[in-house]
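Asks: Here is my input; please provide its structure:
(one chain, ligands or ions: 1)
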Amino acid sequence: MKRRTVLRAGLGAAAVASYPAWRYYRGSKSRLASINAVTSLGTEVTVDASVLSELATSIRGTLLFRDIDGYDLARRIRNRTIDKYPALIAQCTSAADVIEVVSFGNHFQLLTAIKCGGHNIAGNGTCEGGLLIDLSPMRGATVNPELRVASVLGGSLLAELDEKSQAHGLVTTAGTVSHTGVGGLTLGGGLGRLARRYGLTIDNLLAVDIVTPDGELRRASAEEHQDLYWAVRGGGGNFGVVTAFEFQLHALDRQVVGGEIRYPFEKAREVMSFYAEFCQDMPDDLYVDLTIFAPPFGLDSAFYLDVCYSGLISDADRVLEPLRRVAKPIKDEIKAIDYAVLQKDSDDSDPRGRGQHLKSGFVRTIEPA
Ligand SMILES: Cc1cc2nc3c(=O)[nH]c(=O)nc-3n(C[C@H](O)[C@H](O)[C@H](O)COP(=O)(O)OP(=O)(O)OC[C@H]3O[C@@H](n4cnc5c(N)ncnc54)[C@H](O)[C@@H]3O)c2cc1C
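Replies: Residues are numbered from 1 along each chain as shown. A predicted model of the protein is given here:
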């Protein structure tokens with residue numbers, strides 16, 4: 001959308017759409033209606049139908065409004081306890097779409113949220129009454145095996161990054177649930193099974209293409225817009241919409257040794273004390289994540305370690321032997337496994353899809369109670 005046209009339309013002048021708007025948004029084949037939306041200051045603004053019509057024709061993606069087919073699915077995020085209704089959802093297909101939508105949102109100062117994988121537990125991937133920029137149509141990754149660099153579109157999920165990289169025997173640190181968004185995970189730091197070996201996801205972030213709030217597409221890296229490059233490595237979605245990420249990759253055999261080892265719940269205290277010490281000196285190519293699950297209502301409790309050893313397979317038994325010795329496991333599922341398959345192992349156990357309440361915090365040491 002041309003900014004001057006938005007300005008004119010925003011001031012009440014009649015804007016003439018060059019195409020019938022209904023061709024470009026889902027739902028009934030009637031003309032768009034004006035909407036009321038919330039600004040970032042919490043005030044309400046009316047966005048004229050003619051402006052929406054022009055926005056609809058200027059992007060290749062889809063505009064969704066309440067009561068339109070597809071709106072309800074698009075507004076949902078993974079944490080089902082969060083139930084918000086954006087005034088407008090813009091499903092962007094390209095950086096060009098994002099530029100149009102950000103300029104539009106900026107003009108009306110709309111409360112804006114960005115959704116990639118929709119996994120953010122606090123619900124930052126949506127908003128009530130504002131503009132939701134849905135990047136889910138922007139998915140895909142390509143790998144340059146010579147440079148060992150992955151280029152990933154801004155709405156991609158981790159599975160795309162893992163699978164495309166592993167096809168070339170390459171990898172970078174990504175999270176443990178494969179349907180998490182690359183966007184939110186990377187911009188928040190990014191921990192995963194290879195973080196002890198290769199650092200956080202942001203340690204491997206070489207560059208981003210980002211549409212900043214002024215509607216400009218910029219490239220931020222160690223060479224260009226260094227301040228922005230610094231900001232996106234941990235600053236979340238606060239500095240613009242990232243339309244593409246570039247990651248440094250590392251060589252990794254497809255086969256790692258990993259899986260869960262479960263202990264009797266009554267051994268939890270013993271194994272946790274062991275875990276606290278073992279983690280201090282374990283090799284960087286070993287990842288061990290502890291889970292205690294003690295649900296109410298008499299449901300089954302569980303206590304297990306999630307393991308990934310990415311060093312030499314021939315060393316795995318020796319390295320993992322202490323985990324098998326500390327207590328007699330009730331289930332030992334650690335085995336040689338394809339890394340990309342292991343990365344999907346926890347997909348079903350992700351509690352966000354069940355709408356549970358989560359809290360988080362940091363512990364520096366595990367002390368006996
Ligand atoms: C059970 C569970 C397991 C988890 N496991 C891990 C793990 O192993 N490792 C780890 O590091 N984290 C993990 N997380 C945290 C997860 O990485 C964050 O919740 C992350 O925000 C999810 O990203 P998303 O893109 O799916 O979320 P969304 O809700 O889509 O987005 C989250 C935030 O990122 C912003 N954002 C997303 N994409 C973009 C973009 N392209 N441009 C600009 N801003 C954007 C949004 O504005 C929003 O603020 C876990 C969380 C839970 C609840």
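Asks: Specify the beta-bridge partners of Val152.
Replies: In this entry, Val152 is beta-bridged to Ala141, Phe245, by DSSP bridges.
Asks: can I assume it is in contact with Ala159?
Replies: No: the pair Val152 / Ala159 is not scored as a contact, 11.3 Å apart, by C-beta atoms under 8 Å. (Each C-beta comes from the backbone N, C-alpha and C, glycine too.)
Asks: and these two? which has more neighbours close in?
Replies: Neighbour comparison, Val152 and Ala159: the larger count goes to Val152, with 27 against 20 (by other C-beta atoms under 10 Å).
Asks: quick one: contacts for the more buried one?
Replies: The contact partners of Val152, by C-beta atoms under 8 Å, 6 or more residues apart in numbering, come to Gly140, Ala141, Glu160, Leu161, Val182, Ala244, Phe245, Glu246, Phe247.
Asks: Model confidence for it, exactly?
Replies: We have a pLDDT of 98 for Val152.
Asks: any idea how far it is from the ligand?
Replies: Distance of Val152 to the ligand, computed by C-beta to the nearest ligand atom, to the nearest Å: 10 Å.
Asks: how far away is that residue from Thr46?
Replies: 38 Å (C-beta to C-beta, to the nearest Å).
Asks: ok, now Lys328?
Replies: According to C-beta to C-beta, Lys328 and Thr46 sit 68 Å apart.
Asks: Name whatever forms a beta bridge with the spatially most central residue of the chain.
Replies: Most central in the chain under C-alpha atoms, centre = their mean is Gly181, positioned 2.3 Å from the mean C-alpha point. Taking DSSP bridges as the rule, Gly181 bridges to Leu157.
Asks: buried residues in the helix or strand where Ala268 lies?
Replies: Assessed by DSSP states H and E, Ala268 sits inside helix 268-281. The neighbour-count check on helix 268-281 (16 or more other C-beta atoms under 10 Å) flags Ala268, Val271, Met272, Phe274, Tyr275, Phe278 as buried.
Asks: Can I get those in TSV including pLDDT and distance to Val211?
Replies: Shown next, in TSV, are the buried residues of helix 268-281 (pLDDT from 0 to 100; distance: C-beta to C-beta, whole Å):
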residue	pLDDT	distance to Val211
Ala268	93	48
Val271	95	48
Met272	94	45
Phe274	95	49
Tyr275	95	43
Phe278	95	45
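Asks: Find me the pLDDT at Arg80, would you?
Replies: Per-residue confidence (pLDDT) for Arg80: 86.
Asks: What is the burial count for it?
Replies: Residues within reach of Arg80, counting by other C-beta under 10 Å, total 12.
Asks: Same check on Gly361?
Replies: The burial count assigned to Gly361 is 4, neighbours taken as other C-beta under 10 Å.
Asks: does it sit in a helix or strand, and which one?
Replies: Counting by DSSP H and E, Gly361 is part of no helix or strand.
Asks: can you tell me how far it sits from the ligand?
Replies: 13 Å.
Asks: if we can go back for a sec, for the helix holding Ala268, name the packing helices and strands.
Replies: Judged by 3 or more C-beta pairs under 8 Å, 6 or more residues apart in numbering; DSSP states H and E, helix 268-281 is in contact with strand 286-293, strand 302-309, helix 316-325.
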